[in-house]
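K.L.:
Starting from these lines, generate the structure:
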Amino acid sequence: MPGRGGCDRAERTTRTPTFRFGIAVLACLVLSGAEVGIGNAADVDPLAAGNDRWWRRIGVDAAHAPQAPTLAVALVDTGIDLGHEDLATVPVREAYVARNCGPDPACDAGDRCSPAAQAVPPARFHGTAVAGLIAATRGNGAGIAGIAPVARLIAIDVFGADVAAGSRIAAGIECAIDKGARVINVSVQGKMDTRAELEAALGRAEREGVLVILAAGNEIGDLDRNPEWPAALHTSTSLTVTAVDLEDRLTGQRFGLKSVDLAAPATERMVCSTFPGKGASETMRDPDCSSTESGRYGRFGQSSAAAAMVSGAALLLWGHPNYLDCTAQQVRALLLKHARTPESGTTRGVLSPFGGVLDVHFLAEVVRRDGGVLDLCSGAVR
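P.N.:
So this is what the prediction gives:
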């Protein structure tokens, strides 16, 4: 009967029949078939198999594939080799250097970014490695398979000669917002005396509905007791991420009961990703992560890689047909809600030193109602 608002006509499709949804509206849904998921790219992309264990662990392989990339992601980092063979097919690629312009009135007009070259020297590999885990093109016959398709990949360089200054990180976040990023990945740390600028930048992201993913930092330590910025800062649209191994054990990464929200499996040099330039590296030969004349690849890990995984997961979630209308706060809440309890239980004597381990198996579901797809954030049916 239609008296239940169409609930009797609702249905869901899944690639994981045993998955449990924790949303009350689904009590009336019935299982009806299968949707196309992202699946395994190993048969197309030659190095994709090397990351399969990690993608399966967090549920990327089972996630429903977005129909088309529509979202912009910005990386506040070292810059990105946007011409890399595994990134060059992203529809729109942009590169900027963040301007720490202080009282310069140009900043009032949103001019916090200066155009930059779409390439970086090989020594500055960090941003390119983060970008590959998030957005390396799936099914292009080259290299690895990133987590999520993106419409725009925005590289924001906040490095000076060798070390990022916190005030440039704040400017980088502001630049990313100015350029329309929906998700901002920040895998670098600032200096303590720039907390005010970083708080202001994160506050603006919160007001404008932008999700910011922050790497917790490497080297074992408690962020609650010894905070670093911006990792120890919190808003309703930010997540701080640490790294664990495939058994959920924290190994040499920062933790904090109050400061760290999520973990992802990415301890040191665990995953294969894109590196700047072309040609094999004499110092990083690896049969499962080998460079070619058309593109360099290498092992990457720790909290920078973990943050990239969460950024990719957020983009997958926001591109999923059931979550297109979600706010940044809702995306954050969903990632936290579906995080797994760490299997290890304790780490170095600290009970659950992070909020949970990233898990997007719930994105295998597609919930339908009244012949259309139900948006679980707005209630709209398409």
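K.L.:
Surely residue 188 forms part of a helix?
P.N.:
No: read with DSSP: H, G, I helix; E, B strand; the rest coil, residue 188 is coil and lies in no helix.
K.L.:
who are the neighbours in contact with it?
P.N.:
76-78, 126, 158-159, 164, 169, 215 (C-beta atoms under 8 Å, 6 or more residues apart in numbering). In this view, the C-beta of every residue, glycine as well, is placed from N, C-alpha and C.
K.L.:
May I have the predicted confidence score for it?
P.N.:
pLDDT, residue 188: 87.
K.L.:
quick revisit: ok, and the most crowded of the contacts of residue 188?
P.N.:
The most neighbours of any of the contacts of residue 188, using other C-beta atoms under 10 Å, belong to residue 76, which has 32 neighbours.
K.L.:
does it sit in a helix, a strand or a coil?
P.N.:
Here residue 76 is strand, with the state taken from three-state DSSP.
K.L.:
if I read this right, it contacts residue 170, doesn't it?
P.N.:
No: contact criterion C-beta atoms under 8 Å: residue 76 and residue 170 do not qualify, at 9.4 Å.
K.L.:
Tell me the one of the contacts of residue 188 nearest residue 317?
P.N.:
The closest of the contacts of residue 188 to residue 317 turns out to be residue 215 (C-beta to C-beta; 19.2 Å).
K.L.:
what distance separates the start and the end of stretch 135-148?
P.N.:
6 Å (C-alpha to C-alpha, to the nearest Å).
K.L.:
Can you name the next helix or strand after the longest helix that the chain contains?
P.N.:
Looking across the chain with DSSP state H, the single longest helix is helix 302-319. Remark: after helix 302-319, the chain's next helix or strand is helix 328-337, criterion DSSP states H and E.
K.L.:
Outside of that next one itself, which residues are in contact with it?
P.N.:
Residues outside helix 328-337 that contact it (C-beta under 8 Å, 6+ apart): 22, 182, 206, 209-211, 236-239, 261-262, 310, 313-314, 317-318, 323, 326, 355-356, 358, 360, 362, 377.
K.L.:
mind checking how far the most centrally placed residue in the chain is from residue 168?
P.N.:
Geometric centre of the chain, nearest residue: residue 311, 1.1 Å, by C-alpha atoms, centre = their mean. Per C-beta to C-beta, to the nearest Å, residue 311 is found 20 Å from residue 168.
K.L.:
so where's the stretch 151-300 of the chain uncertain?
P.N.:
Counting by pLDDT under 70, the stretch 151-300 of the chain contains low-confidence residues at 160-167, 191-193, 279-285.
K.L.:
Helices of that one, residue ranges please.
P.N.:
166-178, 195-207 (DSSP state H, counting those that start in this stretch).
K.L.:
Need the winner for burial among those helices.
P.N.:
Mean neighbour count (mean count of other C-beta atoms under 10 Å) peaks for helix 166-178 among the helices of the stretch 151-300 of the chain, with a mean of 26.
K.L.:
Please tell me how far stretch 212-223 is from the chain's geometric centre.
P.N.:
15 Å (C-alpha atoms, centre = their mean, to the nearest Å).
K.L.:
quick one: buried residues of that stretch?
P.N.:
Neighbour-count burial for stretch 212-223, counted by 16 or more other C-beta atoms under 10 Å, picks out 212-218, 221-223.
K.L.:
now could you export just the CA positions of stretch 229-238 as PDB?
P.N.:
Only the C-alpha atoms of stretch 229-238 are listed here, as PDB (Å, rounded to 0.1, in the frame of the first residue of the first chain):
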ATOM      1  CA  TRP A 229      49.300  21.500  13.200                       C
ATOM      2  CA  PRO A 230      47.100  21.100  11.300                       C
ATOM      3  CA  ALA A 231      46.700  17.400  12.300                       C
ATOM      4  CA  ALA A 232      45.600  18.200  15.800                       C
ATOM      5  CA  LEU A 233      43.000  20.700  14.800                       C
ATOM      6  CA  HIS A 234      39.400  19.700  14.400                       C
ATOM      7  CA  THR A 235      36.200  20.900  12.600                       C
ATOM      8  CA  SER A 236      33.000  19.300  11.600                       C
ATOM      9  CA  THR A 237      34.400  18.900   8.000                       C
ATOM     10  CA  SER A 238      37.900  17.600   8.800                       C
END
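K.L.:
Residue 375 reaches residue 323, doesn't it?
P.N.:
Yes: counting by C-beta under 8 Å, residue 375 touches residue 323, with 7.0 Å between them.
K.L.:
For residue 20, report the pLDDT, please.
P.N.:
pLDDT at residue 20 comes out at 29.
K.L.:
Then residue 347?
P.N.:
Reported pLDDT for residue 347: 50.
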